[in-house]
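1. Quick one, fold the following:
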Amino acid sequence: RDLHSFPTRRSSDLQLGIVRALKDDRQILYLMPEQQMVREKADYLRQLLENEQVEVFHSALSKKEKLRIWNKVCRNERILLVGTRGSIFLPFQNLGLAIMDREEDAGYRSEQTPKYTGLEVIAKRCMNYNCPLILKSETPSVSTYYRGRTGIFRMFESQSKRESIVESFRENTIPVDMKEELRRGNTHSCSRVVYEGLQNAAKEGKQAIVILNRKGYDKRTEREDRSENRQKIGYVPHINRGTEKVLEEINETLDVRTALLDKSRSKSEIKKIIGDFNKEKIDVIVGTQMILEGLKQDKLKTIALLDIDGEMRGFGSVERAYQLVRKTRHMLCDGGKLYLQTRDENKDIFNLVAFGTYEEIYERVIRLRKMSSYPPFGNVIKISLGTMGKTGDKEVWQVTKRTLDELKRSEEHTSELQSPSWI
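-> Modelled structure (predicted):
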């Protein structure tokens, strides 16, 4: 094959050795999923390669700065460009190497029209230039790892210290059963042990973050407790709270300095909150996953994932949840604790995400995907049904079903209707 990809399991300087070998007359693209990561990686490369021109490209740049980078690439100047997924479309004249760091990150996928995945686009460009593509990750996507193990991609793995790392993860991860919290009368979003962890971190001069991928206040529903104590307990509230409600509850319960960080904040507000946290003016930040980028980690003592169950719904959910858990673990300072709150009755899956190794996750997921013809064994097409005018849902579904039936009868296509699952 003209294209060789190298998923690596631990951070290393493998790609930097290749950069030094190819930088003489070729252009090099180093992809990162987030803007903050772009700046950090560019600073690192500037220190490592003192005499080389390292540029950055992302959506926050001014039009003038974007044009300068565009012209520089067009003129075929030697450049090491660190950028987000948008830099994939720059008019490279002599691309000699592309590196996609954290290749599994959702930041490489565009959910806006036209929809695309960064990996597919950069892989095609590398094939056109006959240059290598390095996929770098500690927890590669299941599809990428499968291609590495089956020889479609060339794969290099680092096995060093894996057992000791897994053992330390088990020691600093605290599972919390929120059903038990409800039975004991705690209807807050945070468990008592999480409140204790947040308060202790502040008392010790440390910091904490609380993550919930649902912004806003709350959506209140009721659900019957189907346990043996159903008659005694009756109906218990099951409240889908958002980040704002969680922040309010923390402020009512604890004496700590807090801030809210989610997409409801402006860019200037986000920058100020991150700056204040890094200057230790904030004890606890509550927000969505976006708070994982740009924070100083040397005093991060407590991290709480309030709804790990919400991460384990839909296709690819288990590997995404595992990647989130692993990412947050790496952010903790020495002696830090990660709290995983769950209401999920499927303890097997929860324990796999919380305490399993990457190989255990991979083996289970790839087996189920093969049984269901999910990627990498097949392609998945999402069809969203809607109505316009007087057309009813029933009529729309009938048209869609006829189309799928025609595809099934075609000798050139094989298709199945399947409900999404956690695999």
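2. Tell me how many other residues crowd residue 360.
-> Look at residue 360: counted by other C-beta atoms under 10 Å, it has 13 neighbours. Where you see a C-beta, it was placed from the backbone N, CA and C, and this is true even at glycine.
3. list the contacts for it?
-> residue 352 (C-beta atoms under 8 Å, 6 or more residues apart in numbering).
4. Does it lie in a helix or a strand, and which?
-> helix 358-372 (DSSP states H and E).
5. Helix or strand next in line after that helix, which one?
-> Following helix 358-372 toward the C-terminus (DSSP H and E): helix 393-409.
6. Now do that following helix: distance to the chain's middle.
-> How far helix 393-409 lies from its chain's middle: 34 Å, per C-alpha atoms, centre = their mean, to the nearest Å.
7. buried stuff in that helix?
-> residue 404 (16 or more other C-beta atoms under 10 Å).
8. Strands along the stretch 151-300 of the chain, start to end?
-> For the stretch 151-300 of the chain, the strands defined by DSSP state E, counting those that start in this stretch cover 173-177, 207-211, 218-224, 235-241, 258-261, 284-287, 300-305.
9. just how off-centre is the second one within its chain?
-> I take that to be strand 207-211. Using C-alpha atoms, centre = their mean, the offset of strand 207-211 from its chain centre is 17 Å.
10. send the alpha carbons of that strand over as CSV?
-> The C-alpha coordinates for strand 207-211 follow below in CSV (Å, rounded to 0.1, in the frame of the first residue of the first chain):
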residue,chain,number,x,y,z
GLN,A,207,-8.7,21.9,42.8
ALA,A,208,-11.5,19.9,41.2
ILE,A,209,-13.7,19.6,38.1
VAL,A,210,-17.2,18.2,37.8
ILE,A,211,-18.2,17.0,34.3
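11. Strand partners (parallel or antiparallel) of it?
-> strand 284-287 (parallel), strand 300-305 (parallel) (DSSP bridges).
12. swap in the first one?
-> Strand 173-177 pairs in its sheet with strand 337-342 (parallel), by DSSP bridges.
13. Need the residues that contact the partner strand.
-> 172-178, 190-191, 193-194, 197, 301-309, 325, 328-329, 332, 350, 354.
14. Can you flag the buried ones in the residues you listed?
-> 173-174, 176, 178, 190-191, 194, 197, 301-309, 325, 328-329, 332, 350, 354.
15. ok, the nearest residue to residue 270 once chain neighbours are set aside - how many residues close by?
-> Counting by C-beta to C-beta, 6 or more residues apart in numbering, residue 270 lies nearest to residue 261, which is 6.4 Å off, once chain neighbours are set aside. Neighbour count of residue 261, defined by other C-beta under 10 Å: 24.
16. Residue 261 reaches residue 291, doesn't it?
-> Yes - between residue 261 and residue 291 there is a contact under C-beta atoms under 8 Å: 4.7 Å.
17. what residues are shared contacts of those two?
-> Contacts common to residue 261 and residue 291, judged by C-beta under 8 Å, 6+ apart, are residue 285.
18. low-confidence ranges in this structure?
-> Residues of the chain that meet the criterion pLDDT under 70 lie in 1-24, 51, 158-169, 215-241, 311, 344-346, 383-393, 407-408, 410-423.
19. From the centroid of it, which residue is nearest?
-> The chain has residue 105 as the residue nearest its centroid, 4.9 Å off, counting by C-alpha atoms, centre = their mean.
20. Leaving out chain neighbours, which residue sits closest to that one?
-> Here the residue nearest residue 105, using C-beta to C-beta, 6+ apart, is residue 33, at 3.7 Å.
21. separation between the residue nearest to the centre of the chain and residue 211?
-> According to C-beta to C-beta, to the nearest Å, residue 105 stands 16 Å off from residue 211.
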